[in-house]
Structure formats: C-alpha cells, structure tokens
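Visitor: structure for this input, please:
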Amino acid sequence: MRVILLDRPLPKLDSIVGDPRYNGHSVGHWEGDTLVVETTGFAYNTFLDATGLPHGEEMSTVERIRKIGKELEDIITIHDPEMYSRDWQARFVYEERNAVRLEDYACNDRHRDLSGVKGVQPRSPP
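Guide: Next up is the predicted model:
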C-alpha cells in the first residue's frame, strides 16, 4: 500500500529515521495536469528494481505522473548521492485496461488475521 498525502510538505529525513517504509513517505501536489510526488524515507532493505539495484538511506525520488490519451506516464527521478554520482530517471507507461478488475492484495495470510489488533475478537473456526 502506498499513501500520497496532498496536504503537507515532505517530512525532513531526520524526522522519520525511525519510521522507514517500503514505499517511503510520499507527498504530492498538482502542476497543471501532472501529479508531482516527492518521496523519501525508504526502508533500507528494499531495492530499486527486480535486479536488486541498491539505494542509500538518503535516497529521494520525484515522480511526474500524467495521463496522455489512454496511457498513464510516470517519469521518476532518483536522487541518491550515497550510491550514484548523479541523478537518473526511469520512465514507465501504463496502458488503460478497462477489463481489468483490481483486487485487494495481501502479501500473506498474516495480514488478514486481525486477532492481534486491539478490540478485535478472533473468530472461532467453523
């Protein structure tokens, strides 16, 4: 899950040191028809891509997301002076797929077990 807050500035990295997240802490704002999303505070044990491209603790990203016709374009600028000598970009284009239904996703069944949440009574097996 990723939350993009639209009503506040990006938190300072030193204020979220004890709270890294897999998808970081994101804030966004609109520039015309483009959603600009700034993110920092990524969990240290994550990677930039499926090949295991590493990142440093101070990595930050800026995404520019906009709709072009029936496609969604996402241009991501990665800023990570600890690991890379200069900023670099990646571009993703997603096609509109009206026939696809998005379902709730949980990494494993533990995420569906609410017994550890205060005030929730565990269900008895049928």
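Visitor: quick one, strands of the protein?
Guide: Per DSSP state E, the chain carries strands over the ranges 4-5, 25-31, 34-40, 60-68, 71-79, 88-95.
Visitor: pLDDT value on the closest residue to residue 35 other than its chain neighbours, please?
Guide: Nearest residue to residue 35 in three dimensions, chain neighbours excluded: residue 65, at 4.5 Å (Cβ to Cβ, 6 or more residues apart in numbering). In this view, the C-beta of every residue, glycine as well, is placed from N, C-alpha and C. In this model, residue 65 is scored at 96, pLDDT.
Visitor: what's opposite residue 65 in the beta bridge?
Guide: Following DSSP bridges, residue 65 is listed with bridge partners residue 35, residue 74.
Visitor: residues in contact with it?
Guide: With contacts defined as Cβ atoms under 8 Å, 6 or more residues apart in numbering, residue 65 is in contact with 34-37, 72-74.
Visitor: switch the cut-off to 7 Å
Guide: Contact analysis of residue 65 by Cβ atoms under 7 Å, 6 or more residues apart in numbering lists 34-35, 37, 72, 74.
Visitor: same question, residue 88
Guide: Contact criterion Cβ under 7 Å, 6+ apart gives residue 78 as the residues in contact with residue 88.
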